[in-house]
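S.K.: give me the fold of what follows.
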Amino acid sequence: MPPKRQVQAFNVIFDQPDAVARFKTVADRGELAGKLYAFCALSMLDEQTARMVTAALSRDQPRVLVMDSDDIRGFMTAAEVVALVQQRQLGPRIRSDKEETQKYFQNKAG
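M.R.: Okay, here's the model as predicted:
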């Protein structure tokens, strides 16, 4: 599957000098997907804030459909997704896709 814009956005924000503040804003104001991406980053950048985001997400009870590439995992609560993010080390995995994603979108731009 081709790289995703979400991975590109994650890495662009991660590389900013104020990345922690930016991800905190996403965690505070974003929708569930944004909060989960922010959690991925904050778990690498600021463990204390990541724990606060985890606590907030654990109170979020709606179930969301979780897809991992082309594998449909089913409906999960935000707390279950946080556990999956931690188990699969998704923050570092997204980070490791930085160069490939950057090259892909540079080539798409012309």
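S.K.: next up, the contacts around residue 39.
M.R.: Residue 39 is in contact with 27, 50, 53, 54, 57, 82, 85, counting by Cβ atoms under 8 Å, 6 or more residues apart in numbering. C-beta: built from backbone N, CA, C; applies to glycine.
S.K.: in a markdown table: those, plus neighbour count and distance to residue 99.
M.R.: Shown next, in a markdown table, are those (neighbours: other Cβ atoms under 10 Å; distance: Cβ to Cβ, whole Å):
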| residue | neighbour count | distance to residue 99 |
| --- | --- | --- |
| 27 | 22 | 26 |
| 50 | 22 | 25 |
| 53 | 24 | 27 |
| 54 | 18 | 29 |
| 57 | 21 | 29 |
| 82 | 23 | 27 |
| 85 | 20 | 22 |
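S.K.: just give me the neighbour total for residue 46.
M.R.: Other residues near residue 46 number 17, with proximity taken as other Cβ atoms under 10 Å.
S.K.: tell me the predicted confidence for it.
M.R.: pLDDT, residue 46: 97.
S.K.: that one contacts residue 20, doesn't it?
M.R.: Yes. Counting by Cβ atoms under 8 Å, residue 46 touches residue 20, with 5.0 Å between them.
S.K.: how many other residues sit next to residue 67?
M.R.: So residue 67, with other Cβ under 10 Å, has 10 neighbours.
S.K.: quick one: the spatially closest residue to it that is not a sequence neighbour and residue 64, what's the gap?
M.R.: For residue 67, ignoring the flanking residues on the chain, the nearest one in space by Cβ to Cβ, 6 or more residues apart in numbering is residue 73 at 6.7 Å. Distance of residue 73 to residue 64, computed by Cβ to Cβ, to the nearest Å: 10 Å.
S.K.: thinking again about what came up before, which residues touch the residue nearest to residue 67?
M.R.: By Cβ under 8 Å, 6+ apart, the neighbours of residue 73 are 66, 67, 84.
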